[in-house]
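[1] just a sequence and a predicted model for now, questions to come.
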Amino acid sequence: MAKPGLDGHDRGAKIIARALRDGGFEVIYTGLHQTPEMIVEAAVQEDVDAVGLSILSGAHMTLFPEVIRLLKEKGAGDVAVFGGGIIPDEDSAKLKTLGVSEVFTPGASTEDIVKWVREKVQPRQ
Amino acid sequence: MAVTTKQEWLERTYQRSKERPVRFSTLSDLEVEPLYTPEDVTGDYGTALGYPGEFPYTRGVYESMYRGRLWTMRQFAGFGLAEDTNARFHFLLGQGQDGLSTAFDMPTLMGYDADHERAMGEVGREGVNVTSIHDMARLFDRIPIGKVSTSMTINCSASALLAMYLVQAERTGVPWEQVSGTIQNDMLKEFIAQKEWICPPAPSLRIVTDMVEFCAKKAPRFHPVSISGYHIREAGSTAVQELAFTIADGLCYVQDAVDRGLDVDDFAPRLSFFWDLHSDFLEEVAKLRAGRRMWARLMRDRFGAKNPKSLMLRTHAQTAGVSLTAQQPINNVVRVAVQALAGVFGGVQSMHTNSMDETLALPTEQAVMVALRTQQIIAEETGLTNTIDALGGSYAVEALTDRMERDALEYIRKIDEMGGMLKAIDTGYPQREIAEAAFLYQRQLEQGIKTVVGVNKYQVPEEITIEVLKIDPVIEERQIQRVRKMKRERNSVAVREALRLVAEACRSGENLMEPICEAVRRDVTVGEISDVYRAEFGVYKDPGWI
């Protein structure tokens, strides 16, 4: 679970990280103010199966694609990227065409998110 | 035989009906009783309540409250470039708003220039970009700084923005003694909740106190800190935690200034507060009243403050952003109206009402107009301004006020035992309390113990079709070019010298504001001043407590 960019709203990210942990997943929470480079480095180092990005600052169209690009560059293009925050529907549609697996917007329950991760994220080979 | 006590009523009369199968608790999960009676209210009128404008100010800080002056309608606004926000400012002033409140973008808030790589994708999105004094000048184009009071919501880079505001005032012929307004500048709550920081807590506190000291001497009408509970609450705290942590933050600021040798009555009158206005109506009204009483008593007893103005908790308030839903957004108008009512019953001095579309984007002109009209309708049509503290004496409200004060004082006692808020922050105490409360609420929501209409009850399968504000990405490039051009054209020798003096003041302990004011006169930017802080004080890294 990562907070890319300058956005400091971490209430949701922390709740989801904890819910995923309670759901039996190993979760690394990167903390705030991470650059895409820092996130990808952590993802590669920790050999994660998925990266969740939380962005409430409106910078999602820059930050999501950048994380995806860097993951591919580091040979981790099969890491699932999902996320949420303040992301208008038309932007989440666009993000999905760019490789984001799922976007969870306000009102999504932690139960839904944990279920999605369990069902849709494949452990990397 | 008629019941004569509450206990009798509970056991004999109330028991006749079955309760609905819900949990009767406040939003913060405080259990609420079916009824409150005189038995639940302790203390005599004079000591516990008093009169408006008289210690302990429970019923209101001013003697005439809204009969003398309505609360300031101060809608938070900011997006894009300075000229875009200037246009929104003019629109809002034209619609009857009587004070300005500025929302800055993330780069400005975090101390990065628009042309910094960390600012990529973020310029103008969450607020207005102000990188230099020239942006400040554009922001206030045709707005008389001496006549309109402005609030600036900015914290770790507040020193730079305050300097820009004051220098702009100076350039438009307004003496600093006349400048009124507020700068949020509440760093303690940043580490606890809002998470906008540059350097660690201790030097951040030093910068705040520099600004308190500077304003006390040079800009005495200006509020150098807005001690905030809003962000603490939005991060997930309970109402009692909001009350306790905010007041504890305030006590820490007062202590720091007093430790520096300032007389409490020289600066405390210009400390202001900022509360959240959440959905649980009675809890919010009680919180606001408890806050006033607590502050008055603590300032008198702990610091020996004598000036009545030092004892008066004056506050801005904003309806709870976190309560708004993306589903069926028009419902948010109702939420905001109820929350604003709590603010009025709670006696706030200034209010911002959220727009219905703010879970989706920054507000459109139409949405913010409805939000402003909400305040105006309450002020003009409901009769609430006819009498002061209309809920005073309500058994439920007084019982809740007492309860919240008691519970909040318990938190403050704990924080005192830890050595004060700065130490508490270092150990992660408030941060963890908040995360815990946030998680509990989320769980209650998902279990259906707490309801949000449209989200976990009364949902509709729908497409959100209201028009939302879009920020044109081209403005980022425009601002980057503007900033680069300015940096090329200014006197770089003068800039280097100015930055050297700021760095020196960081080291010597001399008040930072004079060198920073001189720096902004020479076109030094927010990012450059913040970089001095990074170099001199270090960069704080998020401990990431979940």
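    Done, it's in.
[2] any idea which residue sits dead centre in chain A?
    Centroid-nearest residue in chain A: A:G52, 1.6 Å away (criterion: Cα atoms, centre = their mean).
[3] count of neighbours near the closest residue to chain B within chain A?
    The minimum distance from chain A to chain B, using Cβ to the nearest Cβ, falls at A:T62 (2.7 Å). All C-beta atoms are positioned from the backbone trio N, CA, C, and that covers glycine. A count of nearby residues for A:T62, using other Cβ atoms under 10 Å in any protein chain shown, gives 18.
[4] what ranges do the strands span in chain A?
    In chain A, the strands defined using DSSP state E lie at A:50-55, A:80-85, A:102-104.
[5] contact partners for the residue nearest to the centre of chain A?
    A:M1, A:A2, A:A13, A:I16, A:F82, A:G83, A:G84 (Cβ atoms under 8 Å, 6 or more residues apart in numbering or on different chains).
[6] wouldn't the first one be in contact with A:L20 here?
    Yes: using Cβ atoms under 8 Å, A:M1 makes contact with A:L20 at a distance of 7.5 Å.
[7] list residues touching both of the two?
    Residues touching both A:M1 and A:L20 by Cβ under 8 Å, 6+ apart: A:V27.
[8] for these two, indicate the residue with more neighbours.
    A:M1 (27 against 21).
[9] contact partners for that one?
    A:A13, A:I16, A:A17, A:L20, A:V27, A:I28, A:Y29, A:T30, A:G52, A:S54.
[10] scan those residues and report the most crowded one.
    Ranked by neighbours (other Cβ under 10 Å), those are led by A:A13, which has 27 neighbours.
[11] might one say that it is in contact with A:K3?
    Yes: the criterion here is Cβ under 8 Å, and A:A13 meets it with A:K3 at 5.7 Å.
[12] common neighbours of the two, please.
    Counting by Cβ under 8 Å, 6+ apart, the shared contacts of A:A13 and A:K3 are A:S54.
[13] and the residue in chain B that chain A sits nearest to, which of the three is it?
    Chain A sits closest to B:G121 of chain B, with a gap of 2.7 Å, by Cβ to the nearest Cβ. Of the three states, B:G121 takes coil under DSSP: H, G, I helix; E, B strand; the rest coil.
[14] quick check: it touching A:T62?
    Yes: using Cβ under 8 Å, B:G121 is in contact with A:T62, at 2.7 Å.
[15] so what sits against both of these two?
    Counting by Cβ under 8 Å, 6+ apart, the residues touching both B:G121 and A:T62 are A:G5.
[16] poorly predicted segments of the stretch 401-546 of chain B, please.
    B:464 (pLDDT under 70).
[17] up against chain A, what does it have?
    B:435, B:438-439, B:442, B:445-446, B:455, B:463-464, B:468, B:471, B:473, B:541-544, B:546 (Cβ under 8 Å from any Cβ of the partner chain).
[18] now do the helices in chain A.
    A:11-22, A:36-46, A:60-73, A:89-97, A:110-120 (DSSP state H).
[19] would you list those helices in a markdown table and tack on mean pLDDT?
    Below are those laid out as a markdown table (pLDDT from 0 to 100):
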| stretch | mean pLDDT |
| --- | --- |
| helix A:11-22 | 97 |
| helix A:36-46 | 98 |
| helix A:60-73 | 96 |
| helix A:89-97 | 94 |
| helix A:110-120 | 97 |
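[20] nearest to B:Q168, of those?
    helix A:60-73 (30.9 Å; Cβ to Cβ).
[21] list of residues touching that closest one?
    In contact with helix A:60-73 (Cβ under 8 Å, 6+ apart) are residues A:2, A:4-5, A:36-37, A:39-40, A:43-44, A:51, A:53, A:55, A:77, A:79, A:81, A:83, A:85-87, A:91, A:94-95, A:98-100, B:120-122, B:473.
[22] cool, and stretch B:473-486?
    So stretch B:473-486 is contacted by A:61, B:80-81, B:84, B:113-115, B:119-121, B:123-124, B:129, B:131-132, B:134, B:523, B:525 (Cβ under 8 Å, 6+ apart).
[23] which parts of that stretch are buried?
    B:I475, B:E476, B:R478, B:Q479, B:I480, B:R482, B:V483, B:M486 (16 or more other Cβ atoms under 10 Å in any protein chain shown).
[24] ok, now stretch A:65-79?
    In terms of neighbour count (16+ other Cβ under 10 Å), stretch A:65-79 has its buried residues at A:P65, A:E66, A:V67, A:I68, A:L70, A:L71, A:A76, A:V79.
[25] can I get those residues in CSV with distance to B:K18?
    Listed next are the buried residues of stretch A:65-79 as CSV, based on distance: Cβ to Cβ, whole Å:
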residue, distance to B:K18
A:P65, 56
A:E66, 57
A:V67, 54
A:I68, 56
A:L70, 60
A:L71, 57
A:A76, 58
A:V79, 54
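[26] let me know the closest of those to B:G46.
    Distance to B:G46 across the buried residues of stretch A:65-79 (Cβ to Cβ) is lowest for A:V67, with 61.9 Å.
[27] endpoint to endpoint, stretch B:423-437 covers what distance?
    21 Å (Cα to Cα, to the nearest Å).
[28] buried stuff in that stretch?
    Neighbour-count burial for stretch B:423-437 flags B:A424, B:I425, B:Y429, B:P430, B:Q431, B:E433, B:I434, B:A435, B:E436, B:A437 (criterion: 16+ other Cβ under 10 Å).
[29] who's in contact with the fifth one?
    Under the criterion of Cβ under 8 Å, 6+ apart, the neighbours of B:Q431 are B:F191, B:I192, B:A193, B:I425, B:P543, B:W545.
[30] okay, now residue 53: neighbour count?
    Just going to use chain A. Counted with other Cβ under 10 Å, the neighbours of A:L53 add up to 27.
[31] if you could check chain B rather than the one you did, that'd help
    17.
[32] what secondary structure does it sit in?
    coil.
[33] check contacts around it.
    By Cβ under 8 Å, 6+ apart, the residues touching B:G53 are B:G60, B:V61, B:Y62, B:E63, B:S64.
[34] give the contact list for B:Y411.
    Residues near B:Y411 by Cβ under 8 Å, 6+ apart: B:V240, B:Q241, B:A244, B:F245, B:A248.
[35] the residue nearest to B:T5 when sequence neighbours are not counted: neighbour count?
    Nearest non-adjacent residue to B:T5, counting by Cβ to Cβ, 6 or more residues apart in numbering or on different chains: B:E39, 7.0 Å away. By the criterion of other Cβ under 10 Å, B:E39 has 12 neighbours.
[36] strands of the stretch 51-200 of chain B, residue ranges please.
    Assigned strands in the stretch 51-200 of chain B, in chain order: B:72-73, B:76-77, B:100-103, B:150-153, B:181-183 (criterion: DSSP state E, counting those that start in this stretch).
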